[in-house]
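>>> Next one to model:
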Amino acid sequence: MRSRVYPLLVLLLLGYTVAYSQEISYTWWDPSKSVFPVLEGQAWAKEVQNPYDRLPARAQKSVREDVWNLSRNSAGLMLRFKSNTTEIVVRYKVSGNKAMNHMPATGVSGVDLYAVNADGKWLWCAGKYSMGDTIEYRFRGLEPNDPYHQKGREYRLYFPLYNTVQWMEIGVPNTATFNPMPVRTEKPIVIYGTSIAQGGCASRPGMAWPAILGRIMDRPVINLGFSGNGRLEPEVIALMSEIDAKLFILDCLPNLNASDATQAEQVKNKVIQS
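Take a look at the predicted model:
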């Protein structure tokens, strides 16, 4: 008797799952088509060649090729939005390899979602993902409201650390609200550094130290970390001087050769000149 009942239950559950998935329809939003600025972490939002670049298009003529190519990585870019949804889907495409030998795909190419609770504390949202031609993250079981945010919780979505995003869409069930939040007007913290600043080798984008700093300080952060290429170069420093920042952090020492006294003096002079 049991051998007949159990398969029947499995079939019923599978049928319910298929029917449930077919009933859900989603509202999709493309950040690059927003009518107001929504992408934090860009200092030159109106001058970028592609929507998720970190340096302005004109920088291609002044910075070294390695720096320019790394500036196409979306490290430090972040979206804020409010929603009363129980599910968020993020789908997007990247142009580079999904993972590296020393860094997982979730850090290189993944996104990361955090929500704020009623006490102002940031909570990590676990999601299931698939790293296909189109990468998809699904965050389910979300709490739609809390006592102080009846119109929905605030979320922060962090972008891939070591890959170039070609396009992205964020979806919620069409019964839920979804309200993108504009870029904050506070002066940002600007970080110029090496792979350590870019995010190597964090397991998730939200665990890169600039992202952690941004949550602790509750302030916009601009990540100008360039893996292996944080060298206090005048061309990058000149671009940084255009930013009206609250604080500049220079963390380039790991990419500067200071093995003897002469080289150490040269590094010291570079820092002073910067």
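>>> The spatially most central residue of the chain and Q273, how far apart?
Within the chain, the residue whose C-alpha comes closest to the C-alpha centroid is F159; the distance, by C-alpha atoms, centre = their mean, is 2.0 Å. Using C-beta to C-beta, to the nearest Å, one obtains 32 Å as the distance from F159 to Q273. Every residue, glycine included, has its C-beta placed from N, CA and C.
>>> Any idea how many residues pack against T86?
Summarising burial for T86: neighbours were counted as other C-beta atoms under 10 Å, giving 15.
>>> Find the residue closest to it in space, skipping its chain neighbours.
Distances taken as C-beta to C-beta, 6 or more residues apart in numbering place L142 nearest to T86, at 5.1 Å, with adjacent residues excluded.
>>> Could you check how far that neighbour is from D218?
Computed as C-beta to C-beta, the L142 to D218 distance reads 21 Å.
>>> residues contacting the closest residue to A99 other than its chain neighbours?
Nearest residue to A99 in three dimensions, chain neighbours excluded: A105, at 3.8 Å (C-beta to C-beta, 6+ apart). Contacts for A105 (C-beta atoms under 8 Å, 6 or more residues apart in numbering) come out as 98-99, 131.
>>> For N50, state which of those is nearest.
For N50, the nearest member of the contacts of A105 is K98. The distance, counting by C-beta to C-beta, is 19.1 Å.
>>> How about the contacts made by the closest one?
Contacts for K98 (C-beta under 8 Å, 6+ apart) come out as 105, 108-109, 131, 135, 163.
>>> among these, which ones are buried?
In those, burial by neighbour count holds for 105, 108-109, 131, 135, 163, counting by 16 or more other C-beta atoms under 10 Å.
>>> In strands, which of these appear?
131, 135 (DSSP state E).
>>> JSON lines for the buried ones among the contacts of K98, including pLDDT?
As requested, these are arranged in JSON lines below (pLDDT from 0 to 100):
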{"residue": "A105", "pLDDT": "98"}
{"residue": "V108", "pLDDT": "98"}
{"residue": "S109", "pLDDT": "98"}
{"residue": "M131", "pLDDT": "97"}
{"residue": "I135", "pLDDT": "98"}
{"residue": "N163", "pLDDT": "98"}
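>>> Turn the buried ones among the contacts of K98 into JSON lines, including distance to W29.
Putting the buried ones among the contacts of K98 into JSON lines (distance: C-beta to C-beta, whole Å) gives the following:
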{"residue": "A105", "distance to W29": "24"}
{"residue": "V108", "distance to W29": "24"}
{"residue": "S109", "distance to W29": "21"}
{"residue": "M131", "distance to W29": "22"}
{"residue": "I135", "distance to W29": "17"}
{"residue": "N163", "distance to W29": "21"}
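>>> quick check, nearest of the buried ones among the contacts of K98 to N50?
Nearest to N50 among these, counting by C-beta to C-beta, is N163 at 12.7 Å.
>>> gap between that closest one and L253?
As it turns out, when the distance is counted by C-beta to C-beta, N163 lies 26 Å from L253.
>>> Any buried residues in stretch 74-88, and which?
So, applying 16+ other C-beta under 10 Å, buried residues of stretch 74-88: 74-85, 87-88.
>>> Check stretch 40-59 too.
Applying a neighbour-count criterion of 16+ other C-beta under 10 Å, one finds 40-44, 48, 51-56, 59 buried in stretch 40-59.
>>> Thanks a lot, see you next time.
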